[in-house]
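Chemist: any chance you could fold what I've pasted below:
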Amino acid sequence: MKSINLAALDLNLLVAFEALLEQHSVTKAAEQLQIGQPAMSAALSRLRILFEDELFVRLGRQMQPTLKAQAIAPGILTALQQIRQAVTASQTFDPSVSHRTFTIGSSDYTSFVLMPPLLEFSLQKAPSINIQMIGFEKDSVGDLLEQGEIDVALGVFPNPPRQTQWEPIFEERFVGIARRGHPAVQQGSISLETFAQLPHALTTLRRDTTGAIDKALSEQNLERRVAFTTPHMMVLPFAIASSDLVAALPRRIALRLATVCNLTVFELPVKTKPWMVSMLWSTLSNQDEANHWLRNAIKAISQKIETS
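Modeler: Predicted coordinates:
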């Protein structure tokens, strides 16, 4: 079988073949493609050389396909249709009718803060899309994005992986929480010494008992006892509500769960640095229209969160 150099193949020749097959006329095929008749005749000549066959011969007033043209026609027409579908799909994303599933890498914190408003937004703007949330290890987030296993990742990324795009979406900071009526919290505040002496709860994924509060206390020559640790941030408010423990929690979670868990929210007596919650996506999907829509939706929601 003769080898075909696809790199040298002009796709327009296959389009010309399709037009000739439909019109049975060089003149009408040229009109369909909006080119001159000499250009169409030249395309037919190149097609005959490529396939080593006349392909179309004049019988009466029409150009009829040869047996070889009839044999190769289904494959060529299918290939052109697939190319058109692929190009159309890559250029158009209509959220109002799309059934696409977006996969978002997210911690329980970013899921709690962003997902309810994102679901509300998508229900209004994109009622048929699906959203899948998955957890991830920060060391693997670059691979997950590059391999297309997640569309975007949400979290804190001080050192974004290579081949990713990064954008901050809102700032967060710690506040303190204690059960309502806790004797150590007076009028929404607590002294530094009392705060250090109380038993604490801590969310940690590292299976240790050290957090940002410990660093801040050490600067004051103080230390605390961490009596309870959990990798699940959403457990913390409920644990605090039924004990005399205190904890530091991101402000947005603390405020939203204060009523539900019967908590008192207070300003910490130590200074901790705020942090930036960011969105991460692969450079490979930077120009993807659907991914761009998702990122814009998350940014729009985050702008409202930033002012809350």
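
Chemist: strands of the stretch 201-308 of the chain, residue ranges please.
Modeler: Taking DSSP state E, counting those that start in this stretch as the criterion, the stretch 201-308 of the chain carries its strands at 225-230, 246-250, 263-266, 275-282.

Chemist: nope, the stretch 1-150 of the chain is what I meant
Modeler: Taking DSSP E, counting those that start in this stretch as the criterion, the stretch 1-150 of the chain contains strands spanning 56-59, 62-65, 101-105, 130-134.

Chemist: for those strands, could you give me TSV that also reports mean neighbour count?
Modeler: In this view, the C-beta of every residue, glycine as well, is placed from N, C-alpha and C. Shown next, in TSV, are the strands of the stretch 1-150 of the chain (neighbours: other Cβ atoms under 10 Å):
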stretch	mean neighbour count
strand 56-59	14
strand 62-65	16
strand 101-105	19
strand 130-134	14
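
Chemist: show me how far the biggest helix by length in the chain is from its chain's centre.
Modeler: In the chain, with assignment by DSSP state H, the single longest helix is helix 67-91. Taking the mean of its C-alpha atoms, helix 67-91 sits 32 Å from the chain's own mean (Cα atoms, centre = their mean, to the nearest Å).

Chemist: now stretch 60-70
Modeler: Going by Cα atoms, centre = their mean, the spacing between the C-alpha centre of stretch 60-70 and its chain's C-alpha centre is 51 Å.

Chemist: pLDDT of that stretch, averaged?
Modeler: Taken as a whole, stretch 60-70 carries a mean pLDDT of 93.

Chemist: for it, measure first residue to last.
Modeler: Distance between the two ends of stretch 60-70: 19 Å, counting by Cα to Cα, to the nearest Å.

Chemist: what about the stretch 51-200 of the chain, any weak spots by pLDDT?
Modeler: Per-residue confidence of the stretch 51-200 of the chain (counting by pLDDT under 70) places the weak regions at 88-91.

Chemist: which residue of the chain sits farthest from its center?
Modeler: In the chain, Gly60 marks the outermost C-alpha relative to the chain mean, sitting 59.3 Å out by Cα atoms, centre = their mean.

Chemist: for the stretch 151-300 of the chain, which segments are assigned as helices?
Modeler: Listed in chain order, the helices found in the stretch 151-300 of the chain under DSSP state H, counting those that start in this stretch are 192-197, 212-218, 236-241, 251-257, 289-306.

Chemist: which strands or helices does the last one pack on?
Modeler: Where contact means 3 or more Cβ pairs under 8 Å, 6 or more residues apart in numbering; DSSP states H and E, helix 289-306 is packed against strand 101-105, helix 108-125, strand 152-155, strand 164-172, strand 275-282.

Chemist: got a list of contacts for the longest one?
Modeler: Counting by Cβ atoms under 8 Å, 6 or more residues apart in numbering, helix 108-125 makes contact with 95-96, 106, 129, 131, 133, 154-155, 232-234, 250, 252-253, 256, 277, 297-298, 300-302, 304-305, all of which sit outside it.

Chemist: quick one, which of those are buried?
Modeler: 95, 106, 129, 131, 133, 154-155, 233, 250, 252-253, 277, 297-298, 301-302, 305 (16 or more other Cβ atoms under 10 Å).

Chemist: excluding residues flanking it in the chain, which one is nearest Pro161?
Modeler: Ranked by Cβ to Cβ, 6 or more residues apart in numbering and with sequence neighbours excluded, the top spatial neighbour of Pro161 is Gly142, at 2.9 Å.

Chemist: who's in contact with the one you found?
Modeler: Counting by Cβ under 8 Å, 6+ apart, Gly142 touches Pro161, Arg162, Gln163, Thr164.

Chemist: related to what we said a few turns ago, list the buried residues in the longest helix of the chain.
Modeler: For helix 67-91, a neighbour-count test (16+ other Cβ under 10 Å) marks Ala69, Ile72, Ile76 as buried.

Chemist: what comes into contact with that helix?
Modeler: By Cβ under 8 Å, 6+ apart, the list of residues contacting helix 67-91 from outside reads 11, 14-15, 17-18, 21, 51, 53, 55-56, 65, 288-289.

Chemist: and the residues you listed as CSV, adding distance to Thr101?
Modeler: Output for those, formatted as CSV (distance: Cβ to Cβ, whole Å):
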residue, distance to Thr101
Leu11, 32
Leu14, 33
Val15, 34
Phe17, 38
Glu18, 34
Leu21, 38
Phe51, 42
Asp53, 46
Leu55, 44
Phe56, 46
Pro65, 43
Asp288, 14
Glu289, 16
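
Chemist: by neighbours, which of these wins?
Modeler: When these are compared by neighbour count (other Cβ atoms under 10 Å), Phe17 ends up highest, at 25 neighbours.
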